[in-house]
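Engineer: Below: sequence and its predicted model.
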Amino acid sequence: MVPENKNVNWITERFATFLYFIKDRFDLHEGKEDEMETIEYVRKNVEFRGANLWILIFAILVASVGLNVNSTAVIIGAMLISPLMGPIMGIGMAAGINDFELLQKSLKNLGIAVVISIMTSTLYFSFTPLSDAESELLARTEPTIWDVLIALFGGLAGIIAGSRKEKSNAIPGVAIATALMPPLCTAGYGIATWNLYYFLGAFYLFFINSVFISLSTYLIVRFMSFPKKEFMDSKREKTVRNYITLFTLLTVVPSIYLAYNIVKRTIWEKSASSFVSTEFEFPRTQIISSKFIYEPDSSIIEIAMVGERISDEELAILQKRTGAFSLSNTYLSIKQSGDNGMDINMLRSDVLKDLYERNETLIQNKDEKIFFLEREISQYVETNKMTVDLANEAKINHNLLESFSVSRSLIANLKEDRRDTVLIAFATFTRVPSKSETDRLRNWLKVRTKADSVALMID
């Protein structure tokens, strides 16, 4: 019995040591700022007034330009400037500490920021000559489960970083990751182009991001036991608590439901894509376009095909195969070449689009090769023109110079396994020149041609 007790004690000690190690490593209280300082830090970043408001407007304009010209770098820069995170984190903080005044202030300022942001982007997109919706803009018209996860985890990182004594660059990183500003710019684009789908999709994405950043802030504030606001009147405290609880439920519950639908749609779209790529493989038939339309009760996979027609029996089998891919309540809408309902213009457009996408890389490679060859030809022509000028100038400094030529050559460095371009000069003198004259000619060539290295050959 004694050895068994020793083993049990040893295991208990090791387990306790392991738990202490985990607790020590993941302790959020280490390096934490005073709670009141953190609350004040969040409170200061809530207000949109004066310079803060102008910074928001200019950041929105920068983001709108970035979306307009499809520049990821410009969009990232705008998100670094944006102060939108302040009131969103303020909402979560207010709900966590039962501060109704902070909640009202955060909601008011967030509303002001949203309205001004949409108005600014709408004004920009109403006058810009570039009216096409680029890929960066289209990516903000429909939220996915990944957007929800990014907002949740990004919000957790943001509030934890904000509660530290030493502030890090996590909050600007959260602003970039959660991408709060581009959806508002896209909503403005939707208004400017009278596209309700773009407006609703983009605003839906912004709403989802905002709610889950606020939710993550609320969770961390409660987890770290931030001091709740105290009231002298217990009745008023209860009323405030009820208001905040009601607000939290009205905001979070629908958002969780919306997030659940986003998860379902994302899983369905992945299954639908897998179904099409797996089942629609025919030797003499090609898919030119596919469209997935998700609805909770009845979803549709629309496919346009060209080539040898697929029989009705095969189509019926394909419809039954949807069950194997967990595509319940999903129906196939197949359009084949020769069908009355086949839109020829759409078919031509899809074929051209497919051809372009397939050959885009090839075209880009050809452009690069053409640019390389043009540059080589330009250098060759420039060298030929330069030879006569160099020969005449060299003759002035070297009276015994009889003939002179210069060219650029590619030399393979076998030892270092690399290629170098070297300027090679060939000179003929009436008599053998001295070493000092040869060195003077070589140094002059380096300065005159701005070449890194010159190979001079004397005959």
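Structural biologist: Yep, that arrived.

Engineer: residue boundaries of the strands in this structure?
Structural biologist: 285-293, 299-307, 330-336, 401-413, 418-429, 454-458 (DSSP state E).

Engineer: Could you list the residues in contact with the second one?
Structural biologist: With contact meaning C-beta atoms under 8 Å, 6 or more residues apart in numbering, strand 299-307 is reached by 268, 272, 275-276, 280, 282, 284-293, 327, 329-337, 342, 346-347, 350-351. All C-beta spots, glycine's among them, are computed from the backbone N, C-alpha and C.

Engineer: Pull out the buried residues from those residues.
Structural biologist: Using 16 or more other C-beta atoms under 10 Å as the burial test, those include 268, 272, 275-276, 280, 287-290, 292, 327, 330, 332, 334-337, 347, 350 as buried.

Engineer: Using the record's assignment, carve the chain into domains.
Structural biologist: According to automatic domain parsing, the chain comprises the domains 31-229, 277-343, 374-458.

Engineer: Export those to CSV and append columns for distance to Thr245 and mean pLDDT.
Structural biologist: Shown next, in CSV, are the domains of the chain (distance: least, C-beta to C-beta, whole Å; pLDDT from 0 to 100):
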stretch, distance to Thr245, mean pLDDT
domain 31-229, 9, 79
domain 277-343, 29, 79
domain 374-458, 69, 76
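
Engineer: Distance to Tyr243 for these - can I get that in a markdown table?
Structural biologist: Shown next, in a markdown table, are those (distance: least, C-beta to C-beta, whole Å):
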| stretch | distance to Tyr243 |
| --- | --- |
| domain 31-229 | 6 |
| domain 277-343 | 33 |
| domain 374-458 | 69 |
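
Engineer: winner for burial among these?
Structural biologist: domain 31-229 (a mean of 19; mean count of other C-beta atoms under 10 Å).

Engineer: what's the offset of that one from the middle of its chain?
Structural biologist: 15 Å (C-alpha atoms, centre = their mean, to the nearest Å).

Engineer: The chain should start at 29 in everything you say after this.
Structural biologist: New numbering, starting at 29: the last item is domain 59-257.

Engineer: hmm, back to that, among the domains of the chain, single out whichever gets nearest to Val291.
Structural biologist: Across the domains of the chain, Val291 has its closest neighbour in domain 59-257 (4.8 Å, C-beta to C-beta).

Engineer: which residue ranges form the helices in the stretch 79-228 of the chain?
Structural biologist: Ranges of helices in the stretch 79-228 of the chain, per DSSP state H, counting those that start in this stretch, are 79-97, 100-109, 113-125, 128-155, 163-166, 173-190, 198-206, 209-220, 224-251.

Engineer: Next one: Ala122 from Ala422, what distance?
Structural biologist: Separation of Ala122 from Ala422 (C-beta to C-beta, to the nearest Å) stands at 81 Å.

Engineer: now swap in Ser238 and tell me
Structural biologist: 72 Å.

Engineer: Phe399 too?
Structural biologist: 33 Å.

Engineer: Pull up the gap between Ala179 and Ala455, please.
Structural biologist: For Ala179 relative to Ala455 (C-beta to C-beta), the value is 71 Å.

Engineer: cool, Ile119 as well?
Structural biologist: Taken as C-beta to C-beta, the span from Ile119 to Ala455 is 79 Å.

Engineer: Same check on Tyr271?
Structural biologist: Using C-beta to C-beta, we find Tyr271 at a distance of 93 Å from Ala455.

Engineer: Next: Glu41.
Structural biologist: From Glu41 to Ala455 the distance is 87 Å (C-beta to C-beta).

Engineer: go on, Lys263?
Structural biologist: 103 Å.

Engineer: With Phe353 instead?
Structural biologist: 76 Å.

Engineer: Could you do Phe76 as well?
Structural biologist: Distance from Phe76 to Ala455, by C-beta to C-beta: 73 Å.

Engineer: got it, and Phe231?
Structural biologist: 74 Å.

Engineer: what's the answer for Ser302, then?
Structural biologist: 70 Å.

Engineer: Make CSV from the helices of the stretch 79-228 of the chain and add distance to Thr66 to it.
Structural biologist: Formatted as CSV, the helices of the stretch 79-228 of the chain follow (distance: least, C-beta to C-beta, whole Å):
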stretch, distance to Thr66
helix 79-97, 20
helix 100-109, 22
helix 113-125, 8
helix 128-155, 13
helix 163-166, 35
helix 173-190, 6
helix 198-206, 12
helix 209-220, 25
helix 224-251, 9
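
Engineer: Looking at the ones you listed, which is nearest to Ile345?
Structural biologist: helix 173-190 (31.4 Å).

Engineer: Which strands and helices lie in contact with the closest one?
Structural biologist: helix 63-72, helix 113-125, helix 198-206, helix 224-251, helix 262-307 (3 or more C-beta pairs under 8 Å, 6 or more residues apart in numbering; DSSP states H and E).

Engineer: Including distance to Gly218, could those helices go into CSV?
Structural biologist: Shown next, in CSV, are the helices and strands packed on helix 173-190 (distance: least, C-beta to C-beta, whole Å):
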stretch, distance to Gly218
helix 63-72, 31
helix 113-125, 21
helix 198-206, 20
helix 224-251, 3
helix 262-307, 19
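
Engineer: residues contacting Thr313?
Structural biologist: Neighbouring residues of Thr313 by C-beta under 8 Å, 6+ apart: Met333, Val334, Gly335, Glu336, Arg337, Ile338.

Engineer: which residues does the first one form a beta bridge with?
Structural biologist: On the basis of DSSP bridges, Met333 is bridged to Ile315, Gln364.

Engineer: Please tell me how far it sits from Thr350.
Structural biologist: 17 Å.

Engineer: How about the last one?
Structural biologist: Ile338 sits 15 Å away from Thr350 when distances are taken as C-beta to C-beta.

Engineer: now do the second one
Structural biologist: The spacing between Val334 and Thr350, counted by C-beta to C-beta, is 23 Å.

Engineer: Kindly report the same for the fifth one.
Structural biologist: Applying C-beta to C-beta, the value for Arg337 to Thr350 is 21 Å.

Engineer: Indicate which one of the helices and strands packed on helix 173-190 is closest to Ser481.
Structural biologist: So among the helices and strands packed on helix 173-190, helix 198-206 is nearest, using C-beta to C-beta, at 44.6 Å.

Engineer: what's the closest non-adjacent residue to Leu208?
Structural biologist: Nearest non-adjacent residue to Leu208, counting by C-beta to C-beta, 6 or more residues apart in numbering: Leu112, 4.6 Å away.

Engineer: from memory the one you found sits against Ala141, does it?
Structural biologist: Yes - using C-beta atoms under 8 Å, Leu112 is in contact with Ala141, at 6.0 Å.

Engineer: what do these two both touch?
Structural biologist: Common neighbours of Leu112 and Ala141 (C-beta under 8 Å, 6+ apart) are Leu84.

Engineer: With that, I have no additional questions.
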